[in-house]
Each structure stands twice: as structure tokens, then as C-alpha cells.
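*Asks:* Model the structure of this input:
(chains A and B)
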Amino acid sequence: MTHRLGGGERRWALAILGALALLALLPAAVPREDVINFVFLVLLSITLAQSWNIVAGYAGQVNLGHAAFFGLGALVARTLWIGDTPVAVAMAAGAATATLFALLIGAAAFRLRGAYFAIGTLALSEILRITVGNVLVEISTLPTATIGAYQLTHRYYVALGLAALSVLAVAALAGSRLGLGMQAIREDEEAAEASGVGALRLKLIALALSTGLAGLAGGLFAFYHISYYPAHPFSPHWTFDALLMTFIGGVGTLHGPVLGAVLYVVLKEYVALRWVDFHLLIFGALFIAIVLLLPGGLVQAAERVRRLLAP
Amino acid sequence: MSILAQQLVLGLLIGGLYGLAAAGLSLVFGVLKVLNVAHGELIMLGGYAAFWTVALLGLDPFVSLLVVVPLSLLLGVGLYWGLFGFVVRADEETRIKNSLLIGFGLGLALHALAVLLWTADERSIVTPYGGSITLAGLSIPIVRLASLLIALALIGGLHLLLARWRWGKAIRATAEDWQAALLTGIDVRRAYLLAFAIGTGLAGAAGTLVSIGYSTSPSIGLEWTLKALIVVVLAGLGSMLGTFVGGLVLGVAEAASAAAFGGPYREVVGLVLFVVVLVVRPRGLFGR
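*Replies:* As a prediction, the model looks like this:
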């Protein structure tokens, strides 16, 4: 039995990857730092949102501790990289650490269902954040030589690569037997088990993929920022951002999180110029409206409009 | 030794507020099966309401409870009608999950709103009667002691309300089995509304006491939600007095761990207890 991506989803995958390919020309076409930084943020957000989308959108496990894995990726990558490890190796090690930690806690965490899994993972990530904040109080700043050689475009291309990787990963998953099993668990775990889906194994695979990508995104954060507090990437805001972007775009779809990420960053950067945190008010309200009225997010809204307009 | 004893006393005093904070969450979760993670933000709003009542009306800080609690009850009615009333129609699992998401959005919006309205500064209410009493070599701040007693009184009142009042019994019956309650002619929707309003009122009271004895700022929400969740997990559902004792236990445990591992780790002990209890009793923890 083979499973293929639906026509619509495959077109979306191609469209998104095409757009990302075009963005590769951006540094040459528009050599402006503000523009590059802005698109960088969009790309980082796409990776973060898609990574969360795998475990929450496809496998249906609302992980409110996602920041822990982003943070671990950042912590390990930063430490190794400053210690003269090549950045690619450092980021890979960060991702591996995040995944390893996820598998370590996964078996216990997945004894929890639904909302209990959500609050349990939230507590876990808070434990990590507080501990890291207590142990590493000093701000982490790059050595002067590294700052001197800092190239924004390098970060940009890494971000572009990761965003493409995250979209490819979700596209491959969505049409695969693995992904279908995950979606079966999301819809009804007991029914999925009864029809021969190994729920725990699939949930662990989803968590491993999701946290691996989150770890890579964290490594990118560590590669990008000149100085930050080591506890900052562990902040629950990273989880909340991922959740907002994914839900507003359309949870459990390929293009929803991409759409959500673009919208989120645009509004955040635009609104934050005038009113600090105002975007959170807008997104908080929008998020509630989506959960209550439109569980499929903007993707579903667009679908409805299209059906209305179609003859 | 006396330093340790002093810290434990302070832990006990704040533990009363943990208990009060958890009581509202526990009531709402027990009755509506709705997990309102914006409970901490409701506490934060209560703190601001008290702050402004004292600042603008010149009321005594503790008397401001008489303004803040009714306002919070009204807010609870509004939130139930506007948001959480829509969630209770779903089956239990969807209900918990959707309420979690709605509470999350609500908490985010309220936090942002508070920053816009009142800036991110910390505020606390200055009471005219500072000072502390000394008992067996331990210094007990009067304001915090009064807060603990008020919290205890509120929990006791709630306990009586649930035990004796007609609608209190209806609320308990609904928590037990809403279908059976419906069959015996109880207006389950009304019981939901009342429980949610009372839960919000308790959050307002907790917020008032927090801003009197400690301080409030837009970002205290998540911390208080977690404290309340920890206490609910430790104490289980069903008994308000048990929840209060759970709060005291958490306060003392935090103080003890701060003494053992250093102040910054006081937050960790509760979270670790929480995760352990969750994993050991993955389903039964909120049940009986």
C-alpha cells in the first residue's frame, strides 16, 4: 500500500519550496541588513512552528514544553561552537541532545494524555529554565574575534536551509504511513491502537523528529545572536510563539504554520514599533476566536471562502 | 536553626495564598472539567483592581476585598458567557483540551493588556499597619498573617457554601456526575456558571492579598497558574480544606528547599513534585 500526498498538499510543498529557493537570491538582490534580519526571523519562526506542528498537529500531543528542546539545542550548540567546534557539528550535537532528552522523558511523559501531557511538559521546561538560569547567570557573548568575522548572510542561509528542511520533513511525514498513523492517534488513540497502530512508538517518533528540529532551530538562535542570557531560549515564550503561529495558520497542515509564521512575524515587527506587546493582545484574541470558531485556522478559513466562491 | 524556622514560617504564610489561588482553579476544574490556565492572570487582574481601589478610593487595603471580589465575580460571569460556556458542550477530553487552549489565549491577551494599561512595573499596596509580632523568637509580619487568616476564612466560607447552600449542593452534585444531576432536575448550566464565577471571585481575592503582602505585575500570571496547578495536583479535587492544606504544604516545601539548595531553587521543588505526581498517577490525579 502506498500513500501519496494529496494534490493540494503537494502543490503547497512545491510552492513553499519554490518561494524559499527564490529567497536564496535575496541577499544579492536586496543587500540591506534590516531586510535580511527580518526574513531571518520569518525563517526561524517557520522552522520552530513546523517542528511544533509535527508533534502537536500530526500526532495530536500538545507539547507545552517545546522551549526546553529549543533551549537545549541552543545551549549545547553555543557551548561547543564557542569552544571551537565547527558550527554545523555544534548544531547537530545540540539537536541530538534535544532529541535524546526527549526520548529520555518521552516514555514517562506519554503516560499522560491530552491536557495532562501539556501541563506536565510545561512544568518540565520551567524546571529546566529555572535551573539553567541559576547555574548560568552570566550573559553569553561571542568572543571578539568571532564578532569581527560575523557574517549575517551565513546565518541567513542556514536559516533558509532549516526552514526548507522543516517543510520537507512535514511534507514527507504527511503522506507517509508513519504520518497517517500519527494522525490516527490524534483523532482517537484507542481506536488507532485497536487497529494496530503502535501509539507509544509513533508518538515517540513524532516527538523525536519535532524536538530534533527544535534543537536545530535553537542552534541557529545560538549561531545568530551575539549575546543573550543562556536561560532566554528556555523561556516559555518560544513554546507560545510556536503554538500561536501553528494554530493561527492551521494546525496539522503543511502550509498553515508557514502562513502563521509569516503573519506573526510581520505583525509583531510592525506593531511592536508603536506598542510593545500589542501583537500579543491581537494574537491572543485571534487565537481564542480560532479555537472557538475555526479550529482549522486561516487555512480552513481560506478553504471555506473558496468553497463559497466556487460555483 | 532559628533562621530555618523563620523561613518555614514565611513559607507557611505564603502557602495560605497558594491554597486560596488553587481553590478557585480546583473548583472550576472539578465542576466544569475546564482547565483554566489563565487563572494566574485573573489573580493578576485582582491584584491590579485592589491596587487601584486603594489608590483611587483611599480604602483600607483589606477592605478593598469588598470591591474586588464582587467585580471578579462579575468578570467570571462575563468570561463564562463569552468564552468558557462554549467549551462545556464538548465531551470531557475535548473540553479540557479546548479550555486549556482558550485559557492560554486569554492569559496571553490579559498579560498584554495589563502591560499596555499599567506598564510592566511591579506594584504593591502599602498598608498603614506594617510591623510584625514576635512569637517564640520568630518574627511574623502582621499583614501576611492577616492575609493567611483571611484566606482561611474565605476557604472556610466556601466550604460552608458548598456544604449547606442549595446551589452549593447543586454544584457538588454536578461535579460528581453532571448527567445524574441533570436527571434530578438540577440546572447544570447554572451550576457551571456559579462555579466559574466563584472561582474567578476567589482569584480576585487571592490577587488582592498577593498585592498587599507581596507584589503584582503583568507577568505574575504564569507563575501563579503553575502554583495553583501544583497545589491541585498535590491535594486532589473535592475538598477545599484539603486544597488549603496543600497550599500550606507547598509553601513550607518551597521554604525548606530554598534553605537547603539556595533561594533561586525554591520554584523548582514544587514543579518537580508536580511532575513526579503526574507521572505516578497519570489519570487519577485529578480524580478521586
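
*Asks:* Near whatever residue of the stretch 201-311 of chain A ends up closest to chain B, how many residues? Count them for me, please.
*Replies:* Of all residues in the stretch 201-311 of chain A, residue A:284 sits closest to chain B, at 3.0 Å by C-beta to the nearest C-beta. Any C-beta I mention is one placed from the backbone N, CA and C, and that applies to glycine too. Counted with other C-beta atoms under 10 Å in any protein chain shown, residues neighbouring residue A:284 total 23.

*Asks:* Contacts for the helix or strand containing residue B:75 next, please.
*Replies:* Secondary structure from DSSP states H and E places residue B:75 in helix B:65-79. With contacts defined as C-beta atoms under 8 Å, 6 or more residues apart in numbering or on different chains, helix B:65-79 is touched by B:42, B:45-46, B:49-50, B:53, B:57, B:59, B:106, B:150, B:193, B:196-205, B:207-208.

*Asks:* low-confidence ranges in chain A?
*Replies:* A:1-7, A:273, A:275-276, A:311 (pLDDT under 70).

*Asks:* go again using 50 as the cut-off
*Replies:* A:1-4 (pLDDT under 50).

*Asks:* who in it is up against chain B?
*Replies:* Proximity of chain A to chain B, by C-beta under 8 Å from any C-beta of the partner chain, involves residues A:62, A:108-109, A:111-116, A:118-120, A:122-124, A:126-127, A:130-131, A:133-134, A:236, A:240, A:243-244, A:247, A:275-281, A:283-285, A:287-288, A:291-292.

*Asks:* longest helix of the chain?
*Replies:* Using chain A. If you go by DSSP state H, chain A has its longest helix at helix A:199-224.

*Asks:* actually it's chain B I care about, not the one you picked
*Replies:* Max-length helix for chain B by DSSP H is helix B:2-32.

*Asks:* Let's see the pLDDT reported for the closest residue to residue B:2 other than its chain neighbours.
*Replies:* Nearest non-adjacent residue to residue B:2, counting by C-beta to C-beta, 6 or more residues apart in numbering or on different chains: residue B:137, 5.8 Å away. Residue B:137 carries a pLDDT value of 78.

*Asks:* Pick out the residue of the stretch 101-250 of chain B closest to chain A.
*Replies:* For the stretch 101-250 of chain B, C-beta to the nearest C-beta, closest residue to chain A: residue B:109, 3.0 Å.

*Asks:* OK, contacts around that residue?
*Replies:* A:280, A:281, A:284, A:285, A:288.

*Asks:* any idea how far the second one is from residue B:175?
*Replies:* Translated: residue A:281. According to C-beta to C-beta, to the nearest Å, residue A:281 stands 34 Å off from residue B:175.

*Asks:* the bottom helix or strand of chain B by mean pLDDT?
*Replies:* strand B:132-135 (a mean of 80; mean pLDDT, DSSP states H and E).

*Asks:* could I have it exported to CSV, CA atoms only?
*Replies:* Only the C-alpha atoms of strand B:132-135 are listed here, as CSV (Å, rounded to 0.1, in the frame of the first residue of the first chain):
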residue,chain,number,x,y,z
SER,B,132,5.4,42.3,62.9
ILE,B,133,4.7,40.4,66.1
THR,B,134,7.4,38.3,67.7
LEU,B,135,6.4,34.8,68.8
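
*Asks:* which outside residues touch that strand?
*Replies:* Against strand B:132-135 from outside (C-beta under 8 Å, 6+ apart): B:139, B:140, B:141, B:142, B:145.

*Asks:* again, 6 Å this time
*Replies:* B:139, B:140, B:141, B:142 (C-beta atoms under 6 Å, 6 or more residues apart in numbering or on different chains).

*Asks:* phi, psi of the third one?
*Replies:* Right, residue B:141. Backbone torsions of residue B:141, given as degrees, to the nearest 10, read phi -60, psi 130.

*Asks:* the helices in the stretch 1-150 of chain A, which residues?
*Replies:* A:7-23, A:26-29, A:33-52, A:66-82, A:87-109, A:114-135, A:144-148 (DSSP state H, counting those that start in this stretch).

*Asks:* With mean neighbour count as added columns, please give the ones you listed in CSV.
*Replies:* Formatted as CSV, those follow (neighbours: other C-beta atoms under 10 Å in any protein chain shown):
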stretch, mean neighbour count
helix A:7-23, 14
helix A:26-29, 13
helix A:33-52, 22
helix A:66-82, 27
helix A:87-109, 20
helix A:114-135, 22
helix A:144-148, 9
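
*Asks:* count of residues packed around residue 220?
*Replies:* Unless you meant another one, I'm taking chain A. 28.

*Asks:* Sorry, I should have been clearer: chain B.
*Replies:* Neighbours of residue B:220 (other C-beta under 10 Å): 23.

*Asks:* Which residue is the nearest non-sequential neighbour of it?
*Replies:* Nearest one to residue B:220, counting by C-beta to C-beta, 6+ apart, is residue B:44 at 5.3 Å.

*Asks:* got the angle between the helix or strand that contains that neighbour and helix B:2-32?
*Replies:* Following DSSP H and E, one finds residue B:44 within helix B:39-52. Per axes from the mean of the first three to the mean of the last three C-alpha atoms, to 10 degrees, the angle that helix B:39-52 makes with helix B:2-32 is 110 degrees.

*Asks:* Can you list the helices and strands that helix B:39-52 packs against?
*Replies:* Counting contacts by 3 or more C-beta pairs under 6 Å, 6 or more residues apart in numbering or on different chains; DSSP states H and E, helix B:39-52 is packed against helix B:65-79, helix B:188-213, helix B:221-235.

*Asks:* My understanding was that residue A:252 contacts residue A:57; is that so?
*Replies:* Yes. At 3.6 Å, residue A:252 counts as touching residue A:57 under the criterion of C-beta atoms under 6 Å.

*Asks:* if you count what's nearby, which of these two comes out ahead?
*Replies:* residue A:57 (30 against 24).

*Asks:* State the pLDDT value of the closest residue to residue B:8 other than its chain neighbours.
*Replies:* Leaving aside its sequence neighbours, residue B:8 sits nearest to residue B:255 (C-beta to C-beta, 6+ apart; 5.1 Å). Here, the pLDDT recorded for residue B:255 equals 91.

*Asks:* Contacts only, for residue B:255.
*Replies:* B:7, B:8, B:11.

*Asks:* hmm, 10 Å instead?
*Replies:* Neighbour list for residue B:255: B:4-15, B:266, B:269 [criterion: C-beta atoms under 10 Å, 6 or more residues apart in numbering or on different chains].
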